[in-house]
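Engineer: Below are the sequence and a predicted model for it; my questions follow.
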Amino acid sequence: MNRSALLVATVLAAIAAPGASAQVLGEDAAACSSGRGPAIQVEVSGLKDRAGRLKLELYPATEEDFLKDDRDLIKEGKTFRRIWADTPHAGAVVMCIRAPAPGTYAMLFTHDRDGKNKFNFWSDGAGFPSNQRLGRSRPKLRQAMVRVGNGVTTVNIRAQYLRGLGGFSPLD
């Protein structure tokens, strides 16, 4: 096999190989790609479709602050970070969000399918690091907690969507 053919075969094998690295999405992608943290790399699965945009939000890990309005958190000098990414048309979905320091935080993932930047209960998806079924009630802080070290912490989040009277759950 000549050198060019070997190079092409190597590249094709890397693309087809299970676990081949995916492009990391979001404005904080460099923090995860370089391995410099503290940051959280989120591998998202179970998307309903490839429409709209994806969002990660990082909150303080307290009942009082979890899902609190970002303007209030910022005004109070508390942790809040949000990153957006366009939903890729195909392939793995991997996002990255920087953390201000090692510690425990609460994280929310949303799939904004209509791109209106407002959660649509009827069509948008959501998920948390625990991957527990969300049901019909407000998510609990314990479902959203993630411990972040000095480097890059990897979590898997399975998207959930409204599924009839049972509330939010994964599609499969």
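Structural biologist: On my side now, so go ahead.
Engineer: CA atoms only for the longest strand belonging to the chain, dumped as CSV, please.
Structural biologist: Counting residues, the longest strand found in the chain (DSSP state E) is strand 103-112. Extracted C-alpha coordinates of strand 103-112, given in CSV (Å, rounded to 0.1, in the frame of the first residue of the first chain):
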residue,chain,number,x,y,z
GLY,A,103,-16.5,22.5,43.2
THR,A,104,-20.1,21.3,43.1
TYR,A,105,-22.6,23.0,40.7
ALA,A,106,-26.0,22.4,39.3
MET,A,107,-26.3,22.0,35.5
LEU,A,108,-29.3,22.2,33.1
PHE,A,109,-29.3,21.1,29.5
THR,A,110,-32.1,22.3,27.1
HIS,A,111,-32.9,21.6,23.5
ASP,A,112,-34.5,24.8,22.2
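Engineer: Return the distance of it from the chain's centre.
Structural biologist: On the basis of CA atoms, centre = their mean, to the nearest Å, strand 103-112 is displaced by 7 Å from the centre of the chain it belongs to.
Engineer: What are the buried residues along that strand?
Structural biologist: Buried positions in strand 103-112, judged by neighbour count with 16 or more other CB atoms under 10 Å: 105, 106, 107, 108, 109, 110, 111, 112. For glycine as for every other residue, the C-beta is placed from the backbone atoms N, C-alpha and C.
Engineer: for the third one, what are its contacts?
Structural biologist: The reference is to residue 107. Applying CB atoms under 8 Å, 6 or more residues apart in numbering to residue 107 gives the contacts 40, 42, 56-59, 97, 128-129, 144-146, 155.
Engineer: right, and residue 22 touches residue 93 too?
Structural biologist: Yes: applying CB atoms under 8 Å, one finds residue 22 in contact with residue 93, separated by 7.4 Å.
Engineer: the more surrounded of these two?
Structural biologist: More neighbours surround residue 93 than the other of residue 22 and residue 93, with 24 against 12 (other CB atoms under 10 Å).
Engineer: Next one, pLDDT for the more buried one please.
Structural biologist: For residue 93, the pLDDT comes out at 96.
Engineer: number of nearby residues for the closest residue to it other than its chain neighbours?
Structural biologist: Spatial nearest neighbour of residue 93, excluding adjacent residues (CB to CB, 6 or more residues apart in numbering): residue 44 at 4.2 Å. For residue 44, the neighbour count with other CB under 10 Å is 23.
Engineer: Since that was my last question, I'll sign off now.
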